[in-house]
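> requesting a structural model of the entry that follows:
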Amino acid sequence: MRMLAKLWRDNKSLVAFLFLMVLFRSAVADWNVVPSGSMLPTIREGDRIFVDKMAYDLRVPLTHIAIAHLHDPQRGDIVTIDSSAAHELIVKRLIGLPGDTVAMRDNVLYVNGVRADYQPLTLKPLPGDAASPGDYLTERFDGVAHTVRLTPQAPSPRDSFGPVTVPPGEYLMLGDNRDNSADSRYFGFFARKELMGRTRRVAFSLDPDRYYAPRFERFGAPLDEAAPLASR
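Below is the predicted model:
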């Protein structure tokens, strides 16, 4: 008991700091590792993204219990989702709000009957391009613009769907790497309670193809501006 008491006296500041850090990361802000390329080119494998956990709801720390709704998710948000269907934390882009009608035809998106506009981009080679070359385009709809990746040589079997109407309290999500993303086309709509936070920036980035060397140019980079464009 004396040893435990001494350990507590000697380390109580460290224990208190660690406890507060856990609470902070649980309820306020956190960074998450992105292990897959489903959000290429916006989020690259090895990126650690900064997640604002108070973007939508205030939750009891260490739980998913929301005690206050702070803001409504917006179209175009990049969202972390604790998906019961996927059985893991995933990151996707919010495409359909409750009440929206969404359809896709050969990777061309339609929201509420309006076709998205696409403009081709030329990007520096990115992970995945060697095995399956990607086409990069700016996708614009309803005031939202971001980059998407298509792989014509290996199109998704679900590059067409709908039209579907998003139910109340639920959201339709897609990955920016449209031909290589498990999203609402596979898991269905995502409930509001599963939306854990919003991300807009890279916290820091490590390159898995170069022994996890830091990619300093991506540290703190805005996600929708972080893809290294060669030309537009």
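> just how off-centre is the longest strand belonging to the chain within its chain?
Taking DSSP state E as the assignment, the strand of the chain that covers the most residues is strand 195-207. Here the centre of mass of C-alpha atoms in strand 195-207, compared against the chain's by Cα atoms, centre = their mean, to the nearest Å, lies 8 Å away.
> what are the buried residues along it?
Under the neighbour-count criterion of 16 or more other Cβ atoms under 10 Å, strand 195-207 has 195, 196, 197, 198, 199, 201, 202, 203, 204, 205, 206, 207 buried. Every C-beta, even on glycine, is put in place using the N, C-alpha and C of the backbone.
> now do stretch 207-220
207, 215, 218.
> and that stretch, how far apart are its ends?
Using Cα to Cα, to the nearest Å, one end of stretch 207-220 lies 15 Å from the other.
> now the helices for this structure?
Along the chain, the stretches classed as helices by DSSP state H are 2-27, 184-187.
> least reliable of those by average pLDDT, please.
Averaging pLDDT over each of these singles out helix 2-27 as the lowest, with a mean of 53.
> which other helices and strands does the longest strand of the chain contact?
Strand 195-207 is packed against strand 29-33, strand 47-52, strand 78-83, strand 213-214, with contacts defined by 3 or more Cβ pairs under 8 Å, 6 or more residues apart in numbering; DSSP states H and E.
> for residue 127, find the nearest of these.
Ranking those by their distance to residue 127 (criterion: Cβ to Cβ) puts strand 47-52 first, at 10.8 Å.
> okay, buried residues for that closest one please.
For strand 47-52, the neighbour count (16+ other Cβ under 10 Å) marks 47, 48, 49, 50, 51 as buried.
> just checking: what are the partner strands of it?
In the sheet containing strand 47-52, its partner strands are strand 29-33 (antiparallel), strand 195-207 (antiparallel), by DSSP bridges.
> who's in contact with the residue nearest to the spatial centre of the chain?
In the chain, the centroid-proximal residue (Cα atoms, centre = their mean) is residue 91; its distance is 3.0 Å. Taking Cβ atoms under 8 Å, 6 or more residues apart in numbering, we find residue 91 in contact with 32, 34, 38, 39, 43, 49, 78, 79, 80, 81, 199.
> the same query, at a cut-off of 6 Å, please.
Contacts for residue 91 (Cβ atoms under 6 Å, 6 or more residues apart in numbering) come out as 39, 80.
> picking up where we left off before, pLDDT and distance to residue 187 added to the buried residues of strand 47-52, as a markdown table?
Putting the buried residues of strand 47-52 into a markdown table (pLDDT from 0 to 100; distance: Cβ to Cβ, whole Å) gives the following:
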| residue | pLDDT | distance to residue 187 |
| --- | --- | --- |
| 47 | 94 | 22 |
| 48 | 93 | 24 |
| 49 | 93 | 20 |
| 50 | 91 | 24 |
| 51 | 92 | 20 |
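> contacts for stretch 139-159?
Here stretch 139-159 makes contact (Cβ under 6 Å, 6+ apart) with 40-41, 75-76, 106-107, 111, 116-118, 132, 134-138, 176-179, 185, 224, 227.
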